[in-house]
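**Student:** Fold the following, please.
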Amino acid sequence: MGQLVVRNLASAVKERLQQRARRNRRSMEEEVREILRNAVINDDEGSARGLGSEIARLFA
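**Tutor:** Predicted structure coming up:
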């Protein structure tokens, strides 16, 4: 398995991730993996939205 480091993440985003992880009874790392996995699985090749847009949608 690979690793991914996310730098310069806004504090508000980190807080929302922590809240979401608690709500889903997962660690923050597990929650981020699930978000990324869902974003990639649900990715529509014809869609103009990218991964960043999908992540933003999840936290809207």
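
**Student:** any chance you could map the strands in this protein?
**Tutor:** Using DSSP state E, the chain contains no strands.

**Student:** for it, what are the low-confidence residue spans?
**Tutor:** 44-49 (pLDDT under 70).

**Student:** Contact partners for the residue nearest to the spatial centre of it?
**Tutor:** Against the mean C-alpha coordinate of the chain, by C-alpha atoms, centre = their mean, the closest residue is I35 at 4.0 Å. Residues near I35 by C-beta atoms under 8 Å, 6 or more residues apart in numbering: I55, L58. (Glycine included, C-beta is placed from N, CA and C.)

**Student:** Give me the distance between it and A56.
**Tutor:** 11 Å (C-beta to C-beta, to the nearest Å).

**Student:** Could you list the buried residues of stretch 21-37?
**Tutor:** By neighbour count with 16 or more other C-beta atoms under 10 Å, stretch 21-37 contains the buried residues A21, E31, V32, I35.

**Student:** buried residues in stretch 3-16?
**Tutor:** Judged by neighbour count (16+ other C-beta under 10 Å), stretch 3-16 contains no buried residues.

**Student:** Next, the distance between the ends of that stretch.
**Tutor:** 22 Å (C-alpha to C-alpha, to the nearest Å).

**Student:** Any idea how far that stretch is from the middle of the chain?
**Tutor:** The chain centroid and the centroid of stretch 3-16 are separated by 9 Å under C-alpha atoms, centre = their mean, to the nearest Å.

**Student:** which residues are contacting it?
**Tutor:** F59.

**Student:** Identify the residues contacting I55.
**Tutor:** I35, A39.

**Student:** ok, it to A39 distance?
**Tutor:** In terms of C-beta to C-beta, I55 sits 7 Å off from A39.

**Student:** neighbours around L17, how many?
**Tutor:** 18 (other C-beta atoms under 10 Å).

**Student:** For the closest residue to it other than its chain neighbours, give its distance to D43.
**Tutor:** Excluding the flanking residues, the one nearest L17 by C-beta to C-beta, 6 or more residues apart in numbering is M28, at 5.5 Å. Per C-beta to C-beta, M28 is found 23 Å from D43.
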